[in-house]
Structure formats: structure tokens, C-alpha cells
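Undergrad: need coordinates for the below:
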Amino acid sequence: MSTASSLRFLEVCAGAGGLALGLEDAGFAPAGLVENDATALETLNINRPSWPLIQADLKEFDPVNHPAALDADLLSAGTPRVKSTATVNRASDEVERELVAAALYLVGAIRPRAVLIENVPGLVGKDEYAAVRGEIEDELHHLGFRLFSAVLNACDFGVPQDRKHGFFVALRDPWANAFSWPVPVDGPAPTVGDVLYRSMATQGWEHAPTWAARAQRVAPTLVGGSDRRGGPDLGPSRAKKIWAEMGINGGTVADDVPTAGTPWDLDGDVKDLPALTVSQAALLQGFPSDWRIAGRKTRGYRQVGQAVPPPLAAAVGRQIAAALTTSLSDGS
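TA: So this is what the prediction gives:
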């Protein structure tokens with residue numbers, strides 16, 4: 001029987017490491033992390049210099065050249081967000097679908113015991129994503145997997161953010177019999193004020209206690225992570241309104257936390273309110289406080305905005321690990 005400490009995963013489209021960090025917490029060790037973006041690779045190397053990083057375009061990655069990848073129990077893929085049928089006909093959106101197809105090709109090449117694919121919530125069940133979902137389901141069934149899908153909200157797993165992710169988990173028999181989705185943690189999620197108070201007070205901002213008391217809610221979904229967007233911001237108008245109610249300018253990302261003397265006038269122009277830093281956004285994604293994000297502000301925020309919250313990834317990863325380490329003699 002395999003043990004959790006012996007489980008290995010190959011991850012593609014690794015980004016800033018949210019999914020990989022969660023899988024590490026769940027007991028997996030990386031056989032390789034494939035990523036094409038140099039800044040994201042720098043982030044991974046800064047934080048986990050022992051992780052085997054592979055700089056490669058997923059569509060050109062050949063596992064034959066990386067023998068350790070062929071021993072992976074799990075293939076995990078947090079591919080860029082696919083678009084609905086309202087937008088997939090744009091040529092610029094074909095890249096996302098091609099990367100999903102490339103990840104599915106690797107499943108056949110590596111033949112792991114389990115597969116984890118993360119993407120937009122709509123991919124799990126909405127009609128406008130039926131074509132891409134069908135490709136995933138057909139290929140994994142063809143390769144002999146049983147498929148499970150679910151939409152999970154990060155705030156149900158200790159993340160201070162209302163953030164839904166779509167997951168596909170596929171396992172071969174007999175391990176598929178032992179898989180179940182994680183159960184939400186007990187109690188409410190931490191609030192923005194609780195998580196960021198210490199950071200906000202670091203440089204003597206006298207309004208930090210009052211601000212934290214006002215920010216007693218979970219954050220709206222952090223978006224703005226697309227490489228095709230302009231500068232960084234915290235999301236659409238609805239999200240920015242929520243941030244303004246908490247006393248934060250959601251229209252930009254700050255270089256540093258507020259200092260002593262920084263004004264905080266809720267009746268003034270929202271642009272005069274303090275903004276969050278990249279590091280603070282990472283805390284709201286559930287990254288540990290010592291996880292450093294490489295690159296300048298815009299590039300750094302995109303890495304954060306594209307990440308899977310590590311606590312959510314860990315919750316799913318633990319369920320996969322439990323299934324893979326179940327004794328075959330117990331009827332599973």
C-alpha cells in the first residue's frame with residue numbers, strides 16, 4: 001500500500017504555487033512543476049528552492065525527457081481560465097482550450113492514478129462550457145478513469161475570500177471507490193480585518209484598528225489576474241464597491257502599506273483610500289505570510305489573482321491522498 005509520504009505529483013501551469021503548496025500540505029511531493037512564465041518560476045524558486053522546476057510551454061512538454069514525471073501518482077493542472085461559448089470563438093481564447101487539451105494528453109502519456117483539474121466554476125456544470133467539459137469527460141473516461149466534479153468555495157475552507165473554483169478529480173479503480181469531496185471546516189471564515197490588521201498596522205497607521213473593525217467580512221473574489229488586462233485592480237465595479245465599504249481603494253494595488261499620517265476619509269474620494277499590496281492580496285488567497293511573490297506590482301498581482309488558494313487545494317489534495325493510500329484489501 002502507498003503511504004501519503006510516498007505520493008508524488010506532476011503539476012502543469014504551476015503559476016505562483018498555490019495548488020502545489022496545497023498538495024504539499026496534503027502530503028504529496030513534487031515530481032516536477034511545469035511553468036512557462038519566468039517570473040512565476042522565480043516565485044517558486046524563492047520559496048521552494050528544492051522543488052524540481054521545469055520551464056516549458058505545456059503544449060511542447062514531453063515527459064519522456066523528464067523521467068521523474070513518469071512516476072507521478074497525480075497529475076494536477078490549474079490551467080488558464082477557459083471561456084464560455086459567448087467568447088471562445090475569439091482567436092485569443094483558443095490558447096486556454098489548447099492548454100486543457102495538452103494537459104489531457106499528458107494524462108495518457110504519464111498514466112497517473114489520479115488527475116486534478118482546476119478551472120472556472122462554470123466549467124463544472126453550465127451549458128455554455130459544455131464543449132470543453134465534454135472533452136475533459138470523454139478523454140478521462142476513455143483513459144479508464146472515474147470522474148468526479150464539484151464547485152467549492154474557498155471561504156468554506158478557512159480562506160478569507162468568497163471565491164469559487166471548479167474542480168475535476170479523476171481516479172482509476174479501485175481507488176475511485178474511496179474518494180469523496182472535502183467537508184467544509186467548522187465555523188466562519190476569517191475576515192479581511194482579522195487577516196490584514198497586523199499588516200495594516202506595521203508602519204504605524206493610526207486608523208488600522210478602526211479599519212479592521214469595519215472590515216469584518218470575507219473579501220469578494222480577487223480577480224484582475226489576466227495577462228490581457230491592463231494594470232492591477234481588485235475586480236469589477238461590484239467588488240470595488242464592497243472594498244470601498246471596507247475603506248479600501250479597489251481600483252489599484254499599492255506599493256506599500258499605509259504609514260503613520262495616511263488619511264482615511266470614507267466620505268471623500270475612494271481614490272484617496274489606501275489600497276492593498278500584492279503581499280496582502282496573497283494573504284487573502286490563503287498563502288502563508290512568508291510566501292514571497294516575485295516581480296513588479298502588476299506581474300506579482302497577476303500571479304496572486306490566478307492562484308488556487310492553498311488551503312482549498314490542500315483540502316482537495318487530502319481527499320485524493322486518502323483515496324490513493326486506502327488499502328486494497330478493505331474492499332475499496
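
Undergrad: and the lengthiest helix in the chain, C-alpha only, in CSV?
TA: Determined from DSSP state H, the single longest helix within the chain is helix 94-110. What follows is helix 94-110, C-alpha atoms only, in CSV (Å, rounded to 0.1, in the frame of the first residue of the first chain):
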residue,chain,number,x,y,z
GLU,A,94,-8.2,29.3,-28.1
VAL,A,95,-5.0,29.2,-26.0
GLU,A,96,-6.9,28.2,-22.9
ARG,A,97,-8.6,25.3,-24.6
GLU,A,98,-5.4,24.2,-26.2
LEU,A,99,-3.8,24.0,-22.7
VAL,A,100,-6.6,21.9,-21.4
ALA,A,101,-6.1,19.5,-24.3
ALA,A,102,-2.4,19.4,-23.7
ALA,A,103,-3.0,18.5,-20.0
LEU,A,104,-5.3,15.7,-21.1
TYR,A,105,-2.7,14.5,-23.5
LEU,A,106,-0.2,14.2,-20.6
VAL,A,107,-2.7,12.1,-18.7
GLY,A,108,-2.4,9.5,-21.4
ALA,A,109,1.4,9.8,-21.6
ILE,A,110,2.0,9.6,-17.9
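
Undergrad: taking the mean pLDDT, what do you get for that helix?
TA: Average pLDDT, helix 94-110: 94.

Undergrad: then stretch 13-22?
TA: For stretch 13-22, the per-residue pLDDT averages 98.

Undergrad: elements contacting the longest helix of the chain?
TA: Judged by 3 or more Cβ pairs under 8 Å, 6 or more residues apart in numbering; DSSP states H and E, helix 94-110 is in contact with strand 8-12, strand 74-77, strand 114-119, helix 130-142. Heads up, the C-betas are built off the backbone N, CA and C, glycines and all.

Undergrad: now these in TSV, with distance to residue 36?
TA: Putting the helices and strands packed on helix 94-110 into TSV (distance: least, Cβ to Cβ, whole Å) gives the following:
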stretch	distance to residue 36
strand 8-12	10
strand 74-77	13
strand 114-119	18
helix 130-142	21
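
Undergrad: which one, of these, ends up nearest to residue 215?
TA: strand 114-119 (27.9 Å; Cβ to Cβ).

Undergrad: in its sheet, what does the closest one sit against?
TA: strand 74-77 (parallel), strand 164-172 (antiparallel) (DSSP bridges).

Undergrad: give the buried residues for the longest helix of the chain.
TA: 96-97, 99-104, 106-107, 110 (16 or more other Cβ atoms under 10 Å).

Undergrad: can I get the residues you listed in TSV with distance to residue 209?
TA: Below are the buried residues of helix 94-110 laid out as TSV (distance: Cβ to Cβ, whole Å):
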residue	distance to residue 209
96	43
97	48
99	45
100	46
101	51
102	50
103	46
104	51
106	50
107	51
110	52
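
Undergrad: that older thread, looking at the strands paired with strand 114-119, which is buried most?
TA: strand 74-77 (a mean of 27; mean count of other Cβ atoms under 10 Å).

Undergrad: would you mind writing the CA trace of that strand as CSV?
TA: Taking Å, rounded to 0.1, in the frame of the first residue of the first chain, the C-alpha atoms of strand 74-77 are listed here in CSV:
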residue,chain,number,x,y,z
LEU,A,74,-1.2,12.5,-9.5
LEU,A,75,-1.2,14.9,-12.4
SER,A,76,-2.5,18.3,-11.3
ALA,A,77,-3.4,21.2,-13.7
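
Undergrad: contact partners of it?
TA: For strand 74-77, the external contacting residues (Cβ atoms under 8 Å, 6 or more residues apart in numbering) are 7-13, 19-20, 23, 28, 100, 103, 106-107, 110, 112-118, 320, 324.

Undergrad: average pLDDT across it?
TA: Rounded mean pLDDT across strand 74-77 is 98.

Undergrad: double-check that residue 150 belongs to a strand.
TA: Yes: under DSSP: H, G, I helix; E, B strand; the rest coil, residue 150 falls within a strand.

Undergrad: quick one: residues contacting it.
TA: Residue 150 touches 124, 166-167, 181, counting by Cβ under 8 Å, 6+ apart.

Undergrad: let me see the domain layout of the protein.
TA: Residue ranges for each domain of the chain read 4-186+307-330, 192-304, as given by automatic domain parsing.

Undergrad: that older thread, quick check: of the contacts of residue 150, which lies closest to residue 67?
TA: residue 167 (28.7 Å).

Undergrad: for residue 312, see how far away the closest one is.
TA: 9 Å (Cβ to Cβ, to the nearest Å).

Undergrad: over to residue 72?
TA: Taking Cβ to Cβ, one finds residue 72 at 21 Å from residue 312.

Undergrad: next one: residue 41
TA: Taking Cβ to Cβ, one finds residue 41 at 23 Å from residue 312.

Undergrad: which one, of the helices and strands packed on helix 94-110, ends up nearest to residue 296?
TA: The nearest among the helices and strands packed on helix 94-110, by Cβ to Cβ, is strand 8-12 at 24.9 Å.

Undergrad: output the contacting helices and strands for the helix or strand that that closest one is followed by.
TA: Scanning forward in sequence from strand 8-12 by DSSP states H and E, the next helix or strand is helix 18-25. Other helices and strands packing on helix 18-25, by 3+ Cβ pairs under 8 Å, 6+ apart, are strand 8-12, strand 29-35, strand 74-77, helix 310-324.
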